[in-house]
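S.K.: I need the structure of the sequence given here:
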Amino acid sequence: MQNYFGMHKTIIFIAIIIFAFILRFYHLSSVPPSPSLDEVSLGWNAYSIFHTGRDEYGTFFPILLRAYDDYRPALYVYLILPFLFIFGLTVEAVRAPSVVLSLLTVVATFFLAKILTKNMWIGLIAMVLLAISPWHIYISRLGHEVNAGLAFGVIGIALFFYYIYECNKTSIIAFSLFSFVLALYSYQSQKIIIPIIVCSLFGLFFRVLLKQFKKIIVLLFFCFILLFPLILVTFSDKGLIRFQGTTVFNGSHPFYERDRLAFVQAREEKNIFVQLWHHPRLTSLKIFLQQYMSHFSFSWLFQGKAYEAHKVPYMGLLYPWELPFILIGFVLAYKLFSKKVFFFMMIWFLSSPIPAAITTQAPHAMRSYTFLPTWQVFGAIGLWHVFSRYALLKKSVITVAIFLFVISVSLYHFYRNYFFVFPRDQSEAFSYAAADAMKYLLNYRDAFDSIVISNRLGQRYSYPSYMFFLFFSRYHPKMYHHYGGTQSGSFDAHHAFDVYEFRSIKKNERNEKTLYVTNYFEDHQGIRVQYIARYLNETPGVILYVYE
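M.R.: Model (predicted):
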């Protein structure tokens, strides 16, 4: 590291890492307020593999995690395993890999920006911008495979450029390619982005790679061998379930019906131009373009509402003060980068929204997560240009003080909205009441003949309760597999093991020897309440009761 910067810059580098760690690890178990639907699934399946080598369905070391019948890449489950030694089956164990991976992403961003710009200060600024990014912090604190996909992707890119510009050792390009392989095994969106990135890198820098052509061909062959199992399962019926369930091209998008009606009317009126515009073959393209462009919306990127998925309340994904520096950075990047690097950065930047543009719920902060850290690199270029070009650091202490004050206010705004407003107002989205209720069930195990839990807990959000129970009870996998394990992870599936049943509860169902667990808002008469689980805003969520 001493080759890159002097001792004082080393201290700055370490300070940024420490600050990034604090922002990501502080109150990790309680913010977000409770483990999410995905986190309990990843956590307990890791726990099951840790003890038995099999997931909840009995699959031996799966490549795809069947989970709630949505079949997602399983790599993150294996990343949790070492942390089970440290934390046990806890929220920290599930989220800790994301924290570590996010810190690696911050470090990789420094080296990437430094190598591409040949300016260590731009690298440090890009590093800071990612360290304090609301977008990156929010998702880094979730136990989710998207962080693995981003981390391995950025590391792979940084290593590739290190190989091109600084060290032509075969081991460097080998680690780069292996990192890309891990990214493909990590998250669904990377199956689209990584091939684009790798093909772009190999196409743009083909002449440099040609110098070690034979060795690189061998490395690519080994990568193909490593990816072959993933390719097989990805294009299998099970592997395509996730895409089929989220794609916007299945005819359900309102644009299809709108264009169909407009096309029929235009044909009756013999209006050729309107027929062409609303032709069914153009509808999918218009949906894609509309969803794609939504990821560049100023309000989505720089502003926020009380609730938007994967966003801090009342905040954008980027700070508003970053915008002018990002725009300046875009303009300057063409001159600062070589043409090949600039072309690659634009490919990376412009391809990042594609996975979100072809799926539902666009704009989507997770599916477009590969945007990071391109925004920060361009912003760092703009910041460095402004402060170095006009020598503000020397000529205007007041200007610098104002800028630091703006950043401080932004960080305070983030701190307040994320660590206080977010858990209080969005605890329902994170199944806080359901999680709280599950912790009490073990206390009643021997008091009733059976315990029946609604398999859809939550009002605005529904959660398959069986997995929350397995997670919070730390139900031993060997016992669970003894009872047959999971047969289906769908939300309405019936699960039964031990004295527990997870199913819909009929209105006329009354058994005095049964403990019932269901939503508080449902109609209940002639019952004796055992416990009411509430959300953090004191709203009742889940009720445990028996019939009198």
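S.K.: Residue ranges in this protein under the pLDDT threshold?
M.R.: Applying pLDDT under 70 to the chain flags the ranges 1-7, 239, 241-243, 245, 390-397, 459-462.
S.K.: Please report phi then psi for F342.
M.R.: phi -60, psi -40 (degrees, to the nearest 10).
S.K.: tell me the helices in the stretch 251-400 of the chain, going along the chain?
M.R.: Defined through DSSP state H, counting those that start in this stretch, the helices belonging to the stretch 251-400 of the chain, from first to last, are 254-268, 272-277, 280-293, 298-302, 322-336, 339-351, 354-357, 374-389, 392-395, 397-416.
S.K.: can you list the domain ranges for this structure.
M.R.: Domain ranges of the chain: 7-245+297-423, 247-293, 432-547, per automatic domain parsing.
S.K.: Quick one: end-to-end length of the shortest one, please.
M.R.: In terms of CA to CA, to the nearest Å, the two terminal residues of domain 247-293 are separated by 17 Å.
S.K.: can you offset everything so residue one is 482?
M.R.: I'll keep to 482 as the first residue from here, and by that count the last item is domain 728-774.
S.K.: so which of the domains of the chain is the most packed in?
M.R.: Most buried of the domains of the chain, by mean neighbour count (mean count of other CB atoms under 10 Å): domain 488-726+778-904, with a mean of 19. For every residue, glycine as well, the C-beta is placed using N, CA and C.
S.K.: And that one, how far out from the chain middle?
M.R.: Per CA atoms, centre = their mean, to the nearest Å, the displacement of domain 488-726+778-904 from the mean C-alpha position of its chain is 9 Å.
S.K.: Now do the same contact list for F953.
M.R.: Under the criterion of CB atoms under 8 Å, 6 or more residues apart in numbering, the neighbours of F953 are 521, 916, 919-920.
S.K.: Can you lay out the helices of the stretch 732-881 of the chain as TSV showing distance to R905?
M.R.: Conversion of the helices of the stretch 732-881 of the chain to TSV gives the following (distance: least, CB to CB, whole Å):
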stretch	distance to R905
helix 735-749	34
helix 753-758	47
helix 761-774	32
helix 779-783	24
helix 803-817	27
helix 820-832	35
helix 835-838	28
helix 855-870	29
helix 873-876	39
helix 878-897	11
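S.K.: S652: which of the ones you listed is closest?
M.R.: helix 820-832 (22.4 Å; CB to CB).
S.K.: Which elements pack onto the closest one?
M.R.: Identification of packing neighbours for helix 820-832 by 3 or more CB pairs under 8 Å, 6 or more residues apart in numbering; DSSP states H and E yields helix 671-685, helix 803-817, helix 855-870.
S.K.: contacting residues for S511?
M.R.: When contacts are counted by CB under 8 Å, 6+ apart, S511 is found next to P904.
S.K.: The helix or strand containing F661 vs helix 671-685, what angle?
M.R.: Under the assignment given by DSSP states H and E, the secondary-structure element containing F661 is helix 651-665. Using axes from the mean of the first three to the mean of the last three CA atoms, to 10 degrees, the direction of helix 651-665 lies 150 degrees away from that of helix 671-685.
S.K.: So which elements touch helix 651-665?
M.R.: Using 3+ CB pairs under 8 Å, 6+ apart as the contact criterion, the elements in contact with helix 651-665 are helix 626-646, helix 671-685, helix 694-715.
S.K.: ok so, going back, mind picking the two most distant members of the contacts of F953?
M.R.: The largest separation in those, counting by CB to CB, is between V521 and K920 at 12.5 Å.
S.K.: can you give me the helices in the stretch 882-1029 of the chain?
M.R.: Chain-ordered helices for the stretch 882-1029 of the chain, with DSSP H, counting those that start in this stretch as the definition, fall at 903-906, 913-922, 946-954, 958-963.
S.K.: what comes into contact with the first one?
M.R.: Identification of contacts with helix 903-906 by CB under 8 Å, 6+ apart yields 511-514, 787-788, 793-794, 1017-1018.
S.K.: give me that answer again for 7 Å
M.R.: Taking contacts as CB atoms under 7 Å, 6 or more residues apart in numbering, the residues outside helix 903-906 that touch it are 511-514, 787, 793-794, 1017-1018.
S.K.: export those to TSV and tack on distance to S819?
M.R.: Listed next are those as TSV, based on distance: CB to CB, whole Å:
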residue	distance to S819
S511	47
V512	42
P513	42
P514	47
A787	45
V793	36
P794	41
L1017	51
N1018	53
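S.K.: Now do the same contact list for the most centrally placed residue in the chain.
M.R.: Central residue of the chain (CA atoms, centre = their mean): V627, 3.7 Å from the mean position. Listed by CB under 7 Å, 6+ apart, the contact set of V627 reads 620, 668, 847, 850.
S.K.: who does the lengthiest helix in the chain touch, helix- and strand-wise?
M.R.: Among the segments of the chain that qualify as a helix by DSSP state H, the longest is helix 572-598. Helices and strands touching helix 572-598, as assessed by 3 or more CB pairs under 7 Å, 6 or more residues apart in numbering; DSSP states H and E, comprise helix 488-506, helix 518-533, helix 556-568, helix 601-612, helix 615-621, helix 626-646, helix 855-870.
S.K.: between it and helix 855-870, how many degrees?
M.R.: In this structure, helix 572-598 runs at an angle of 50 degrees to helix 855-870, with the same axes, to 10 degrees as the basis.
S.K.: Isn't L610 up against A861?
M.R.: Yes. Taking contacts as CB atoms under 7 Å, L610 lies within contact range of A861: 6.0 Å.
S.K.: where's T880 relative to L605, distance?
M.R.: In this structure, T880 lies at 20 Å from L605, with CB to CB, to the nearest Å as the measure.
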